[in-house]
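Engineer: Provide a 3D model corresponding to the input given below.
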Amino acid sequence: MIKSKLILLCLFLFNFFNLNAQENPFLGGWELTGIPADAGYSFQKYFDKRGEFFNTRTAGDKVFNTHHGKYVIKSELEYWEFIAQDTDDFMAQAAGKTAHIYYQFSKDKKLLTLKADPVPGNSGWQETWKRIEVRKVAVKPKSSLEAIPRTLVR
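Structural biologist: Numbering: from 1, shown residues only. Below you'll find the predicted structure:
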């Protein structure tokens, strides 16, 4: 009896550490698709190893932090974003909220489709992001309205 419980415990621990050792497919930078090249603006999303994310809006040669917070992968289909209180006016309605987001990666992990169900005050949405190469990720500015230098490589 003890031997079978020990074997089950070992299998559980092996699976737990094996799953946690796998690379997080969200890590790195992403750019929102569907925005015309001549629009003059774009949106980026960054996920780091510490479970933090931040979104930026690029206009010309300036990059502005729109919102940030923590994220937790809940399953192979869903992750949650815990949006920090200090967001800029662009995303003020999301400040302090938790977004339950469904996701799906393309087979090559270069596209990420995100979808949120309708909730009171939000009709739901779907976005597709493409992976971008990032030389150095910009840090969160002191003020969300303060521009940060662009560091992206496409």
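Engineer: use CA for all of it now, contacts and neighbours both
Structural biologist: Will do.
Engineer: show me where pLDDT drops low in the protein?
Structural biologist: 1-22, 88-90, 119-122, 135-154 (pLDDT under 70).
Engineer: Do a quick rundown of the strands in it.
Structural biologist: Secondary structure of the chain by DSSP state E: the strands cover 28-32, 41-47, 52-59, 62-73, 78-83, 98-105, 111-116, 125-134, 148-149, 152-153.
Engineer: Identify whichever of those strands lies nearest to M91.
Structural biologist: Nearest to M91, of all the strands of the chain, is strand 62-73, at 6.3 Å by CA to CA.
Engineer: for that closest one, packing partners?
Structural biologist: The elements that strand 62-73 packs onto, with contact taken as 3 or more CA pairs under 8 Å, 6 or more residues apart in numbering; DSSP states H and E, are strand 52-59, strand 78-83, strand 148-149.
Engineer: Can you point out the buried residues in that strand?
Structural biologist: Buried residues in strand 62-73, counted by 16 or more other CA atoms under 10 Å: V63, F64, N65, T66, H67, H68, G69, K70, Y71.
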